[in-house]
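J.: My questions concern the predicted model and sequence given below.
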Amino acid sequence: MAMDFDMVVIGGGAAGLTAAGISASLGAKTAIIEESRLGGDCTWTGCVPSKALLKAAGIANTFRTAGRYGLKASEPQIDFSTVMDRVHEIQNAVYEDADAPPVYQKMGITVIEGKSQFISPRQVEVLGQGGGRRQLASRFFVIATGGRPVIPPVEGLSETPYLTSETIFTISKLPARMIVLGAGPIGIEMAQAFRRLGSEVVVLDAQDRILPRDDAELTSLLLERLAGEGIHFLLGSGVRRVDSAMGSIRVAYRAASSSSEATLEGDTLLVAAGRRPNLDGLGLEAGKPGRNRRGPPLPNLGGQHFCLRRCDGALPVYAHVGAHGQSGRHQRAAPRANENGHRQRSLVYFH
Ligand SMILES: Cc1cc2nc3c(=O)[nH]c(=O)nc-3n(C[C@H](O)[C@H](O)[C@H](O)COP(=O)(O)OP(=O)(O)OC[C@H]3O[C@@H](n4cnc5c(N)ncnc54)[C@H](O)[C@@H]3O)c2cc1C
C-alpha cells in the first residue's frame, strides 16, 4: 500500500500538537487531524481559561486580604463579563501564538480538519465538516483524542441544566449560588475561582476528602484554607436526585453519617465528576484488545499506533505535572509517595 504520510496524529490538543511537532522535526512526513479547533482542552476548556480565571480570582482576593501587607483592604468591584472577556482574549492569543494551523504548516505539517476513523490498521478516513471524505494511509499513527467530562447517572440530571468544564468558560453572568458536584481538581479549582469572584459555593462529593489522588496531609490543609474562604463542603455525601424549577436547581443528597436526605438549592450546577477517554467512533472497536496497562483495552492495530495521555485513560490529569515545580503559586504534590506508597503525579492550582 502506498503511504501518504510517515505519521498521522489524530487530535490536535496539547499531546497531538507536541507529537506532530516532534515528528516533523525528525523529518517524518506528518499530518494532524482535528475535528474541532486546534488547541484542544488546554486552550479552550482547560488549563488556559481556568488559570486565567483563577488569576483574576486571586487578584480579587488580594484586595480583600490587603491588610496582611499593611494596605487598606477593600471589597473588589467585579464585572464578571469583563473578567470572562479577558479569559477569552488570553485563549485567542494562545491559539494564535501556539495552536493555529499556520504555526504547524510552517513546520511542514499537513493540518486536516475533520473527524477520523480507522478503516484498517494503516488507514483512516476523515469526514470533513462539509461532508467530504478523504482516506489517508500512514506508517505510524498517534491517537491523541483526549477526554471529556463524565456525566454520572444521577436521577434527573439529564433534564436539569448543568455546566461542565466544556461549558463553564462560556458563561458571562456570575452565578449567585453554585453547586459543584465533585471535589477533584476541576471542581476544587472552579470552586475557589468562583468563590473569590463572589459566588456562594457548595462542593459535594461522595468521598470523605477532597482531591483523593493527592497527598492527604496537603489536601487537608487545602480543605481548611478553602473552607476559611467561605466554600461550604459536603463530603461523604452521595447525590440522590437533581431537579430544577423557575431558575433554581435542587440537589437532594444524603450524607453517609445520616439516614435522611437533605436538599441544597442553587442557580448553577457544575458537574466535575471525572473524565473519560474519547475513543468512541474512532473505529478501534474492530481490533483485538491490545496492551494498555492503565486504561480501557485498546485494539491491537499492529504496533504502529501510540495512544497519548488521556486517551488511554491514564493519569495524570494535568499536562503540566512534569513542567512545573518552582512557582510558589501552586501546590505541587509530586513526586513524593503518598500514604499508600503511590507516587503522586497530579498537580492542583490554587492561590
Ligand atoms: C478545567 C480544566 C483545567 C485544566 N487545567 C490544567 C492545568 O492547569 N494544567 C495542565 O497541565 N492540565 C490542565 N488540564 C488538563 C489538560 O487540559 C489536558 O491534560 C490536556 O489538554 C490533554 O491534552 P490532549 O492533547 O491529550 O487532549 P485534548 O486537549 O482533549 O485534545 C484532543 C483533541 O482531539 C480531538 N479529537 C477527538 N476525537 C477526534 C477524532 N476522532 N478525530 C479528530 N480529532 C479528534 C478533539 O477535538 C481535541 O481537540 C485541565 C483540564 C480541565 C478540563
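T.: Nice, thanks for sending it over.

J.: Going by C-alpha atoms from here, please, whenever you check contacts or count neighbours.
T.: Noted.

J.: So for stretch 117-134, what gets flagged as buried?
T.: By neighbour count on 16 or more other Cα atoms under 10 Å, the buried set for stretch 117-134 is 117-119, 121-128.

J.: now, among these, which is nearest to the ligand?
T.: residue 117 (6.0 Å; Cα to the nearest ligand atom).

J.: Just the CA trace of whichever helix or strand that closest one is part of, in CSV.
T.: Here residue 117 sits within strand 115-120, counting by DSSP states H and E. Output of strand 115-120 as CSV, limited to C-alpha atoms (Å, rounded to 0.1, in the frame of the first residue of the first chain):
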residue,chain,number,x,y,z
LYS,A,115,-13.3,13.6,12.3
SER,A,116,-11.3,10.5,11.7
GLN,A,117,-11.9,6.8,11.9
PHE,A,118,-9.7,3.8,11.3
ILE,A,119,-10.8,1.8,8.3
SER,A,120,-7.8,-0.5,8.5
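
J.: Make 4 the first number, not 1, from now on.
T.: In the new numbering, first residue 4, that becomes strand 118-123.

J.: Pull up the pairing partners for that strand, direction included.
T.: strand 126-130 (antiparallel) (DSSP bridges).

J.: Mind giving me the packing neighbours of whichever helix or strand comes after the strand it pairs with?
T.: Later in the chain than strand 126-130, the nearest helix or strand by DSSP H and E is strand 136-146. Secondary-structure packing of strand 136-146 (3 or more Cα pairs under 8 Å, 6 or more residues apart in numbering; DSSP states H and E): strand 8-13, helix 17-28, strand 126-130, strand 308-310.

J.: what about residue 231, neighbour count?
T.: 10 (other Cα atoms under 10 Å).

J.: backbone phi and psi for it, please?
T.: Main-chain torsions, residue 231, degrees, to the nearest 10: phi -60, psi -30.

J.: From the ligand, how far out is it?
T.: 23 Å (Cα to the nearest ligand atom, to the nearest Å).

J.: Residue 169 versus that residue, what's the distance?
T.: 28 Å (Cα to Cα, to the nearest Å).

J.: which bits of the stretch 54-203 of the chain sit near the ligand?
T.: 117-119, 147-150, 168, 189 (Cα under 6 Å from any ligand atom).

J.: and with 5 Å instead?
T.: Contact residues (Cα under 5 Å from any ligand atom) of the stretch 54-203 of the chain with the ligand: 118-119, 148-149.

J.: Take those residues and write them to TSV, including neighbour count.
T.: As requested, those are exported to TSV (neighbours: other Cα atoms under 10 Å):
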residue	neighbour count
118	20
119	25
148	28
149	26
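
J.: How many residues are close by the closest residue to residue 165 other than its chain neighbours?
T.: Spatial nearest neighbour of residue 165, excluding adjacent residues (Cα to Cα, 6 or more residues apart in numbering): residue 272 at 4.9 Å. By the criterion of other Cα under 10 Å, residue 272 has 27 neighbours.

J.: Confirm that residue 272 lies within a helix, as I assumed.
T.: No. Per DSSP: H, G, I helix; E, B strand; the rest coil, residue 272 lies outside any helix segment and is strand.

J.: contacting residues for it?
T.: 164-166, 181-184, 252 (Cα atoms under 8 Å, 6 or more residues apart in numbering).

J.: try it again with 6 Å
T.: 165, 181-183 (Cα atoms under 6 Å, 6 or more residues apart in numbering).

J.: Looking at the buried residues of stretch 120-137, which gets the smallest pLDDT?
T.: Ranked by pLDDT, those bottom out at residue 124 (86).

J.: Please state the backbone phi and psi of it?
T.: According to degrees, to the nearest 10, residue 124 has phi -60, psi -20.

J.: repeat for residue 218
T.: Note on residue 218: its backbone torsions stand at phi -60, psi 120 [degrees, to the nearest 10].

J.: any idea how far it is from the ligand?
T.: 18 Å.

J.: Could you do residue 215 as well?
T.: The spacing between residue 215 and the ligand, counted by Cα to the nearest ligand atom, is 17 Å.

J.: Give the closest residue to that residue in space, chain neighbours not counted.
T.: Of all residues not flanking residue 215 in the chain, residue 187 sits nearest, at 7.1 Å (Cα to Cα, 6+ apart).

J.: from memory that neighbour sits against residue 214, does it?
T.: Yes. At 4.7 Å, residue 187 and residue 214 qualify as touching, with contact defined as Cα atoms under 6 Å.

J.: The two: which has the busier surroundings?
T.: residue 214 (24 against 20).

J.: Need phi/psi at the nearest residue to residue 250 once chain neighbours are set aside.
T.: Leaving aside its sequence neighbours, residue 250 sits nearest to residue 270 (Cα to Cα, 6+ apart; 6.2 Å). With angles defined as degrees, to the nearest 10, residue 270 sits at phi -110, psi -10.

J.: Report all helices and strands that whichever strand or helix holds residue 181 contacts.
T.: Assessed by DSSP H and E, residue 181 sits inside strand 180-184. Helices and strands touching strand 180-184, by 3 or more Cα pairs under 6 Å, 6 or more residues apart in numbering; DSSP states H and E, are strand 203-208, strand 271-274.

J.: buried ones in whichever helix or strand comes after it?
T.: Remark: after strand 180-184, the chain's next helix or strand is helix 188-200, criterion DSSP H and E. Within helix 188-200, the residues scored as buried using 16+ other Cα under 10 Å are 188-200.

J.: helices or strands up against helix 188-200?
T.: helix 50-67.

J.: contacting residues around residue 273?
T.: 165-167, 183.
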